[in-house]
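[1] Need a 3D model of the following:
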Amino acid sequence: MNQKMLFVFNPMSGKGGVKNNLSSLLDIFVKGGWDVLVRPTQSVEDAYDYIRDNGENFEQVVISGGDGTLNQGIRGVMCIPENKRPKIGYIPAGTTNDFASNMKIPKNMKKAAASIVNGTEFKCDIGVFNDKNFIYVAAFGAFTDVAYETPQQTKNIIGHLAYVFEGAKKLPNIRPYHMKISYDANEIEGDFIFGMVSNTNYLGGINAEKAFQAQMNDGLFEVILVKNPRNVVERQELISRLVTQELSSDSFISFRTSKVCFLSEEAVPWTLDGEFGGTVEMAEIITKKQAVSLVLEKEPDFRIEGSVE
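    Numbering: from 1, shown residues only. Predicted coordinates for the structure are as follows:
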């Protein structure tokens with residue numbers, strides 16, 4: 001007897017590639033022994049709503065779209081009792097697809113579908129921002145509003161450059177936030193232009209393995225804070241170090257933890273997986289270790305090339 005698969009895709013993601021490949025993708029799934037129910041998203045939060053309400057009736061949920069669609073899908077799965085959660089497959093179809101790059105998921109849709117049929121399970125960590133689940137990054141400050149402010153048409157036309165283009169326009173408007181940050185038995189206070197709690201080696205389509213060295217199943221976040229530069233010279237040095245991923249100067253604070261709390265006297269806007277996550281004065285971020293099961297071509301190797309264990 002065939003197993004049941006729910007295939008949810010965003011017809012607006014990227015350049016609409018899922019619609020053009022739909023017949024081939026379904027053929028791969030059916031030949032792999034799956035009975036497939038197809039759900040094109042109908043509204044902004046439809047992937048989340050539909051998977052939350054119906055996901056436990058399937059052995060596997062496959063999501064196709066950008067990182068935002070994947071975020072919705074996994075949030076929906078996280079609403080299902082743990083013993084009834086389906087496995088998750090992902091076919092990237094967005095602009096940058098940071099999560100797919102980090103998990104070594106093929107960019108070719110047919111290859112991604114084949115890897116879901118023939119792949120292996122990988123237990124993946126999930127983050128919680130106050131009461132909201134996220135997959136790979138929660139961030140505030142400089143450029144963090146770029147992903148959700150860039151018009152969809154612009155994303156489709158210029159791809160990765162959309163993020164750079166929109167971000168560059170905001171350089172004169174970067175402002176610091178005064179925050180108290182606590183983790184484990186430590187407390188930090190200062191003015192920061194950027195902060196990120198991440199579980200990824202890719203951000204905005206850029207490979208940042210050298211800086212982040214993130215695992216996806218160790219129960220720990222990589223936290224990076226960027227201090228407010230006091231003058232033009234410090235700002236130029238900051239940009240240079242960001243480009244080379246050399247985050248060891250006094251301009252940066254980095255650490256790993258399973259729980260971190262940010263407290264500010266003013267409400268601060270955050271982004272979760274590239275989408276607007278809310279404006280809050282207090283953000284408590286924790287990790288749920290190995291909370292979901294992904295189906296991947298092979299178990300990812302997060303070791304940095306040239307590193308020694």
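
[2] gap between Ile80 and Gly33?
    Summarising the geometry, the distance separating Ile80 from Gly33, computed by Cβ to Cβ, to the nearest Å, is 23 Å. The way it works is simple: take the backbone N, C-alpha and C, and place the C-beta from them, glycine included.

[3] Next: Asp125.
    According to Cβ to Cβ, Asp125 and Gly33 sit 29 Å apart.

[4] Compare these two and say which is more crowded by neighbours.
    Asp125 (22 against 11; other Cβ atoms under 10 Å).

[5] just to confirm, which helix or strand has Ala47 in it?
    When secondary structure is defined using DSSP states H and E, the element that contains Ala47 is helix 46-54.

[6] what residues are up against Phe192?
    When the contact criterion is Cβ atoms under 8 Å, 6 or more residues apart in numbering, the partners of Phe192 are Gly141, Pro176, Tyr177, Met179, Leu225, Val226, Lys227, Asn228.

[7] Please apply the same query to Gly66.
    Gly66 is in contact with Asn10, Ser13, Gly14, Pro92, Ala93, Gly94, Thr95, Thr96, Asn97, Gly274, counting by Cβ under 8 Å, 6+ apart.

[8] change it to 6 Å
    With contact taken as Cβ atoms under 6 Å, 6 or more residues apart in numbering, Gly66 is in contact with Ser13, Gly94.

[9] Check what pLDDT it gets.
    Gly66 carries a pLDDT value of 85.

[10] The helix or strand encompassing Gly89: how far from the chain's middle?
    Secondary structure from DSSP H and E places Gly89 in strand 87-92. Here the centre of mass of C-alpha atoms in strand 87-92, compared against the chain's by Cα atoms, centre = their mean, to the nearest Å, lies 13 Å away.

[11] Could I get the full set of helices for the chain?
    With helices called from DSSP state H, the chain shows them at 17-31, 46-54, 67-78, 98-102, 109-118, 146-149, 152-158, 161-168, 209-212, 232-244.

[12] Out of these, which gets the lowest mean score?
    When I compare those, helix 152-158 is least confident, with a mean of 42.

[13] Can you give me every residue that contacts the residue nearest to Arg175 when sequence neighbours are not counted?
    Residue nearest to Arg175 in three dimensions, not counting chain neighbours: Ile193, with 7.2 Å by Cβ to Cβ, 6 or more residues apart in numbering. Ile193 makes contacts with Gly141, Ala142, Ile174, Pro176, Val226, Asn228, as judged by Cβ under 6 Å, 6+ apart.

[14] how does it look with 10 Å?
    Under the criterion of Cβ atoms under 10 Å, 6 or more residues apart in numbering, the contact list for Ile193 reads 140-143, 174-177, 225-229, 235, 238, 251.

[15] nearest to Tyr50, of those?
    Proximity of those to Tyr50, judged by Cβ to Cβ, is greatest for Phe140, which lies at 30.0 Å.

[16] Check what pLDDT that closest one gets.
    Predicted confidence (pLDDT) for Phe140: 90.

[17] is it in a bridge, and if so with what?
    Using DSSP bridges, the bridge partners assigned to Phe140 are Gly195, Trp270.

[18] per-residue pLDDT, Ser198?
    Predicted confidence (pLDDT) at Ser198: the value is 86.

[19] so how far is Gly219 from it?
    From Ser198 across to Gly219, the span is 14 Å (Cβ to Cβ).

[20] more neighbours, those two?
    Neighbour tally, Ser198 and Gly219, criterion other Cβ under 10 Å: the higher count belongs to Ser198, 23 against 16.

[21] What sits closest to that one if chain neighbours are left out?
    Setting aside the residues directly before and after it, Ser198 is nearest to Val137 in space (Cβ to Cβ, 6+ apart), at 4.5 Å.

[22] Same check on Gly119?
    Val295 (4.6 Å).

[23] Am I right that the one you found is in contact with Tyr90?
    Yes. At 8.5 Å, Val295 counts as touching Tyr90 under the criterion of Cβ atoms under 10 Å.
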